[in-house]
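# please work out how this folds:
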Amino acid sequence: MRKEVRSWPYSFPQSPDFLKSDQRGPVYLKVGNGPARFAHVGLAAPGDVGSWEFQTKGYQFWTQANERGIFFIKVVLPGIYNLYSWVPGVMGNLL
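Numbering: from 1, shown residues only. Prediction:
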């Protein structure tokens, strides 16, 4: 499974709609202190708070922040995104 994850995004699709990894970029941020430790953090199309839960079109990129609230997403498609996050056991969304 780890080998599969490391090989994404794949280089074999020939569609111009599928951007290769060298056409994507990283996102590296700190989401905060305290309850933001180990937050689930995602980039999704702009919308209202919590709208990521109902989006059915477009891409979403998710990861989990570390103990210092820092997260890294390696291969994000170019575009405009909102940053969404949530922490298990904490009510509401962190923005």
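# low-confidence ranges in the protein?
Residue ranges of the chain with pLDDT under 70: 33, 35, 92-95.
# hey, where'd the strands end up in it?
25-30, 40-44, 61-64, 70-76, 82-86 (DSSP state E).
# for the shortest one, name the packing helices and strands.
Think strand 61-64. Counting contacts by 3 or more Cβ pairs under 8 Å, 6 or more residues apart in numbering; DSSP states H and E, strand 61-64 packs against strand 40-44, strand 70-76. Heads up, the C-betas are built off the backbone N, CA and C, glycines and all.
# try it again with 10 Å
Where contact means 3 or more Cβ pairs under 10 Å, 6 or more residues apart in numbering; DSSP states H and E, strand 61-64 is packed against strand 40-44, strand 70-76, strand 82-86.
# what sits up against that strand?
Residues outside strand 61-64 that contact it (Cβ atoms under 10 Å, 6 or more residues apart in numbering) are 24, 27, 38-44, 52, 71-77, 81, 84-85, 87.
# the closest residue to residue 24 other than its chain neighbours: neighbour count?
Closest residue to residue 24 in three dimensions, ignoring its sequence neighbours and counting by Cβ to Cβ, 6 or more residues apart in numbering: residue 75, at 4.2 Å. Residues near residue 75, counting by other Cβ atoms under 10 Å, number 16.
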